[in-house]
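*Asks:* The following block contains a protein sequence and its predicted model.
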2 protein chains.
Amino acid sequence: MAMGPREFDESDFLELLGARLPQASGAIVLGVGDDAAIVDVGAAPNSSRVIVTQDMLLEGIDFRIAECGHRAAGRKAISKSLSDLAAMAATPLAAFVAVALPPGTTREQATALIDGLLAAALPAGLQIAGGDTKRSSQGLVIDVTLLGRPHPRGSLLRSAAREGDLLLVTGPLGGSALGRHLDFEPRVAVATKLADAGAHAAIDLSDGLAIDLRRLAAASGVGAVIDAAALPIAPAAHELAARDGIPAFEHALGDGEDYELLVALPRDALDAARQDAALASHLIVVGEVVGAARGILLRDGAASREMPRLGFQHRFGTAGGDRA
Amino acid sequence: MAMGPREFDESDFLELLGARLPQASGAIVLGVGDDAAIVDVGAAPNSSRVIVTQDMLLEGIDFRIAECGHRAAGRKAISKSLSDLAAMAATPLAAFVAVALPPGTTREQATALIDGLLAAALPAGLQIAGGDTKRSSQGLVIDVTLLGRPHPRGSLLRSAAREGDLLLVTGPLGGSALGRHLDFEPRVAVATKLADAGAHAAIDLSDGLAIDLRRLAAASGVGAVIDAAALPIAPAAHELAARDGIPAFEHALGDGEDYELLVALPRDALDAARQDAALASHLIVVGEVVGAARGILLRDGAASREMPRLGFQHRFGTAGGDRA
């Protein structure tokens, strides 16, 4: 969806909120700014950390219920938050689901919504522990909060990538708007194994590699080089390219809602990680972490240029989008 | 707001959800059905429990932004969830706030919303640790998830009232629609002291004493007698009575959104609790817990009758409402 002229938007709100919050302290180990927060719920002197993430999905923004149905909406709501837990390498524990149901919602639709929630939650070992239901005067709203247990080696923060790390993605990119944004497998198990293998940092690819890589690099105070030839391009990115004339390669770099992970892994950990057959197919090396001074680069053969500032917000199969 | 003929609504959804959930196990100590859930986030064999509650507020349902302003909406969103933590006697730790902002939201409005969130959170020792912001194609939506630390003596469940307990409320009831539903003090500190004093059970009064008392009694498998003469009637309930001709007494029993607590306290704990001056003014004995066979009674002098099935959903100062 093309944006109008600059208006007050969601990113401004986060900035405003961050500026007005008192310094995180006490129970808040990690606040706003990563894929999820870390809260210490233990009573002193015992520490007990929990990973928490929250995502709100709205009719007309994140799904069109008339096109995708209630089951797909429920499934996406849980899967999107699971992807955030995966980006921390957390183990899913409990889901809280608040739903606002528009007038005229039928029992069959409500059942389909619940089935979609459960279809995403159960395979991930996630239980639905509570929530809230309201009547909506407008469209369907689903807000999901997930609690997870941190990985014993520590969480995969955005801020922990180090110069020399390899950059990997866990699957092919681009074209998610054609359907995968509703039906993807959150990389929970893959992330746990990557943390076992010694990964340093991760972010989930919700706004496109070009944008999310910049976020990871900025949080870590590093630069990055992506090898154009190494980029895994999803078949849907080619399909979209055939429709809209934008190169599949740009779709892979710029499209949102891939819900794969971008991971910084120490170079010497790669061979061991590849021994795990279930993990190996998700270890797609796309580049490396470099010094901050080099910036964010796209390398094409011998030549390097600044990473293009792509950043689609593909949705509902439309090919247009915001380019920041 | 008067309801039309029976339609699929929020309580049906909760029932449907509950019926389809697998039995709570593992990390879920207490699932759907109380004021909040209890999740054990400790890694075996260590237990570490966290109290979690979630509430979604919507424009046109929980507030009318043009009348109350953004600050009041933000404040209510946090306070409503704090009231649920209070009903468990939990200590507030962390808030996650998802907001959907309608088009045209100004920076001033967003700032007022944030100030309202903080005005409710900070006095309760609650930190905002994360959340989500979206653009809404419709009205403002605020979804709040709170994490709290359980009381060391255990949580005040709805299911733990015992025959012989006194029933107390923590403040005057009724007429909240005239303004208090937007501006109330969640009984967090009072609840902690009540748990210190040995209270057995609690529920927060969100749907009116008549309905919430039935919920507490049903969960505990007990009956209850309320003394009509002991019921504390808020000035706003009298004001509303003068407008709509419904007795103030019925407003006190039936109006929603009091956000006081209904507490079951062992009779022998009352005197000690009254020694605390800050607590004493919130210890309003309204009745007692009796055997289940006696049902839910309203005692007026020597005569007792079944508790009237009142249950307003007062909002926005309108006096009409649902009576189930």
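*Replies:* Structure's in. What do you need?
*Asks:* Okay, strands next: where are they in the stretch 151-300 of chain A?
*Replies:* Shown for the stretch 151-300 of chain A, the strands assigned by DSSP state E, counting those that start in this stretch span residues A:166-169, A:201-204, A:223-227, A:261-265, A:284-290, A:296-300.
*Asks:* Tell me which residues of stretch A:267-285 come out buried.
*Replies:* Across stretch A:267-285, burial judged by 16 or more other CB atoms under 10 Å in any protein chain shown covers A:Ala269, A:Ala273, A:Asp276, A:Leu279, A:His282, A:Leu283, A:Ile284. All C-beta spots, glycine's among them, are computed from the backbone N, C-alpha and C.
*Asks:* can you give me phi and psi for the fifth one?
*Replies:* When quoted as degrees, to the nearest 10, the phi and psi of A:His282 stand at phi -100, psi 10.
*Asks:* mind listing what it touches?
*Replies:* A:His282 makes contact with A:Thr170, A:Gly171, A:Arg187, A:Val190 under the criterion CB atoms under 8 Å, 6 or more residues apart in numbering or on different chains.
*Asks:* Which of those sits closest to B:Ala24?
*Replies:* The nearest member of those to B:Ala24, counting by CB to CB, is A:Arg187 at 26.4 Å.
*Asks:* Check the burial of the closest one by counting its neighbours.
*Replies:* By other CB atoms under 10 Å in any protein chain shown, the residues close to A:Arg187 number 27.
*Asks:* Farthest pair within the contacts of A:His282?
*Replies:* Within those, A:Gly171 and A:Val190 form the most distant pair, 8.9 Å apart (CB to CB).
*Asks:* Compare the two (neighbour count), which wins?
*Replies:* More neighbours surround A:Val190 than the other of A:Gly171 and A:Val190, with 23 against 19 (other CB under 10 Å).
*Asks:* Pretty sure the more buried one sits against A:Leu168.
*Replies:* No. Judged on CB atoms under 8 Å, A:Val190 makes no contact with A:Leu168 at a distance of 10.2 Å.
*Asks:* Show me where the stretch 201-324 of chain A has its helices.
*Replies:* In the stretch 201-324 of chain A, the helices defined using DSSP state H, counting those that start in this stretch lie at A:209-220, A:235-244, A:248-254, A:270-274, A:277-280.
*Asks:* Can you tell me which of those is most buried?
*Replies:* Highest mean neighbour count of these: helix A:248-254, a mean of 24 (counted as mean count of other CB atoms under 10 Å in any protein chain shown).
*Asks:* That one - what's its average pLDDT?
*Replies:* Averaged over helix A:248-254, pLDDT sits at 95.
*Asks:* for stretch A:302-320, same thing?
*Replies:* Stretch A:302-320 shows a mean pLDDT of 65.
*Asks:* same question, stretch A:99-107
*Replies:* Stretch A:99-107 shows a mean pLDDT of 92.
*Asks:* Indicate whether that stretch makes contact with chain B.
*Replies:* Yes. Interface with chain B: stretch A:99-107 contributes A:Val99, A:Ala100, A:Leu101, A:Pro103, A:Gly104, A:Thr105, A:Thr106, A:Arg107 (CB under 8 Å from any CB of the partner chain).
*Asks:* Stretch A:59-75 now?
*Replies:* Yes. Stretch A:59-75 reaches chain B (CB under 8 Å from any CB) through A:Glu59, A:Gly60, A:Ile61, A:Asp62.
*Asks:* closest to chain B among those?
*Replies:* A:Gly60 (4.3 Å; CB to the nearest CB).
*Asks:* related to what we said a few turns ago, may I ask which of the residues of stretch A:59-75 next to chain B has the most neighbours?
*Replies:* A:Asp62 (23 neighbours).
*Asks:* For that one, give me the pLDDT.
*Replies:* Per-residue confidence (pLDDT) for A:Asp62: 92.
*Asks:* now do the one 4 residues further on
*Replies:* According to the model's per-residue confidence, A:Ala66 sits at a pLDDT of 93.
*Asks:* same question, A:Gly131
*Replies:* We have a pLDDT of 84 for A:Gly131.
*Asks:* SS state for the closest residue to it other than its chain neighbours?
*Replies:* If the residues on either side of it in the chain are set aside, A:Gly131 comes closest to A:Val97, at 4.0 Å by CB to CB, 6 or more residues apart in numbering or on different chains. Recorded secondary structure, A:Val97: strand (DSSP: H, G, I helix; E, B strand; the rest coil).
*Asks:* what residues are up against A:Val97?
*Replies:* A:Ala77, A:Ile78, A:Leu117, A:Ile128, A:Gly130, A:Gly131, A:Ile142, A:Asp143, A:Val144, B:Gln54.
*Asks:* name the helices or strands packed onto whatever helix or strand the last one lives in?
*Replies:* Translated: B:Gln54. If you go by DSSP states H and E, B:Gln54 is part of strand B:49-58. In terms of contacts (3 or more CB pairs under 8 Å, 6 or more residues apart in numbering or on different chains; DSSP states H and E), strand B:49-58 is packed against strand A:91-101, strand A:127-135, strand A:141-149, strand B:37-40, helix B:65-86, strand B:141-149.
*Asks:* Among these, which comes closest to A:Gly221?
*Replies:* Closest to A:Gly221 of these is strand A:141-149 (CB to CB; 26.2 Å).
*Asks:* Before we go further, A:Val29 is sitting in a helix, right?
*Replies:* No. Assigned with three-state DSSP, A:Val29 falls outside any helix and is strand.
*Asks:* I'd assumed A:Val41 was in contact with it.
*Replies:* No. Judged on CB under 8 Å, A:Val29 makes no contact with A:Val41 at a distance of 10.3 Å.
*Asks:* so what sits against both of these two?
*Replies:* Common neighbours of A:Val29 and A:Val41 (criterion: CB under 8 Å, 6+ apart): A:Arg49.
*Asks:* and these two? which has more neighbours close in?
*Replies:* Comparing A:Val29 with A:Val41 by other CB under 10 Å, the one with more neighbours is A:Val41, at 26 against 19.
*Asks:* of all the helices of the stretch 201-324 of chain A, which lies closest to B:His70?
*Replies:* Here helix A:209-220 is closest among these (CB to CB), at 28.5 Å.
*Asks:* Which other helices and strands does the closest one contact?
*Replies:* Helix A:209-220 packs on strand A:201-204, strand A:223-227, helix A:248-254, strand A:261-265, strand A:296-300, going by 3+ CB pairs under 8 Å, 6+ apart.
*Asks:* Neighbouring strands of the second one in the sheet, and parallel or not?
*Replies:* So the one you mean is strand A:223-227. Strand A:223-227 has the following sheet partners, assigned by DSSP bridges: strand A:284-290 (antiparallel), strand A:296-300 (parallel).
*Asks:* May I see the buried residues of the longest one?
*Replies:* Applying a neighbour-count criterion of 16+ other CB under 10 Å, one finds A:Ile284, A:Val286, A:Gly287, A:Glu288, A:Val289, A:Val290 buried in strand A:284-290.
*Asks:* what's the closest of the residues you listed to chain B?
*Replies:* Of all the buried residues of strand A:284-290, chain B sits closest to A:Val289, with 25.8 Å by CB to the nearest CB.
*Asks:* show me what contacts that closest one?
*Replies:* A:161-167, A:217, A:220, A:222-224, A:264.
*Asks:* Please render these as TSV that adds pLDDT to the earlier fields.
*Replies:* As requested, the contacts of A:Val289 are exported to TSV (pLDDT from 0 to 100):
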residue	pLDDT
A:Ala161	98
A:Arg162	98
A:Glu163	98
A:Gly164	98
A:Asp165	98
A:Leu166	98
A:Leu167	98
A:Ala217	98
A:Ser220	97
A:Val222	98
A:Gly223	98
A:Ala224	98
A:Ala264	98
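*Asks:* And those residues, which of them are buried?
*Replies:* Members of the contacts of A:Val289 classed as buried by 16+ other CB under 10 Å are A:Ala161, A:Glu163, A:Asp165, A:Leu166, A:Leu167, A:Ala217, A:Ser220, A:Val222, A:Gly223, A:Ala224, A:Ala264.
*Asks:* what does stretch A:162-170 contact?
*Replies:* The contact list for stretch A:162-170 (CB under 8 Å, 6+ apart) reads A:187, A:190, A:200-201, A:205, A:209, A:213, A:220, A:222, A:224, A:226, A:232, A:260-267, A:270, A:282-291.
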